[in-house]
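In: I'd like to go over a predicted model; first the sequence, then the structure.
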Amino acid sequence: MAVDELDTRILRLMIDQPRTSVREYARILGIARGTLQARIDRLERDGVITGTGPVLSPAALGHPVLAFVHIEVTQGHLDEVGDALAEVPEIVEAFSITGGGDLLTRVVARNNGHLEDVIQRLINLPGVVRTRTEMALRERVPHRMLPLVESVGRATRAAR
């Protein structure tokens, strides 16, 4: 789906000012509210906008420890292990991957002891062969989408 210059401006505004109303976005952008709403609806329908909820901090929720746990799975058991991972509240993301494992999870914990308990729970899941854990020390680039949005918008503009 092509994101044009107006889409880029809309997305930038929504990222920079997420609590602003659609009416105010339209005023800032100098476009009709109906035009803006149609654009937002299309971006949602096309899967560009996937949510509008708050971004939460695991650390502020009492889980300041972040680790990435690679999980090797017995052949043929990837789906069942993936379903079991969804039942572990400390797993905030999980991806099937290529390379040195089958799954990569992002795990949060209250402290190192709690992290060890979570890892032990993962090791004991049926179909899990082994795990490998890497601790995050400091976030260097926070989750962001605006640079990508702007890059896509520039590429679309250049293609014209």
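Out: Looks like it came in fine.

In: buried stuff in stretch 78-87?
Out: 81, 82, 84, 85 (16 or more other C-beta atoms under 10 Å). All C-beta atoms are positioned from the backbone trio N, CA, C, and that covers glycine.

In: ok, stretch 64-76 next?
Out: Residues of stretch 64-76 classed as buried by neighbour count (16+ other C-beta under 10 Å): 65, 66, 67, 69, 70, 71, 73.

In: all strands for this protein, in order.
Out: 65-73, 91-96, 103-109, 128-135 (DSSP state E).

In: now these as JSON lines including mean pLDDT and distance to residue 10?
Out: Listed next are these as JSON lines, based on pLDDT from 0 to 100; distance: least, C-beta to C-beta, whole Å:
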{"stretch": "strand 65-73", "mean pLDDT": "98", "distance to residue 10": "32"}
{"stretch": "strand 91-96", "mean pLDDT": "98", "distance to residue 10": "27"}
{"stretch": "strand 103-109", "mean pLDDT": "98", "distance to residue 10": "29"}
{"stretch": "strand 128-135", "mean pLDDT": "98", "distance to residue 10": "37"}
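
In: make a markdown table out of those and add distance to residue 53.
Out: A markdown table is the format used below for the strands of the chain (distance: least, C-beta to C-beta, whole Å):
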| stretch | distance to residue 53 |
| --- | --- |
| strand 65-73 | 20 |
| strand 91-96 | 14 |
| strand 103-109 | 18 |
| strand 128-135 | 28 |
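
In: and residue 2, which of these is closest to it?
Out: strand 91-96 (26.6 Å; C-beta to C-beta).

In: among the buried residues of stretch 78-87, which two are most distant?
Out: Spatial extent of those (C-beta to C-beta) is set by the pair 82 and 84 at 7.3 Å.

In: all helices of this protein, in order?
Out: Under the criterion DSSP state H, the chain carries helices at the ranges 5-16, 22-29, 33-45, 78-85, 112-123, 146-159.
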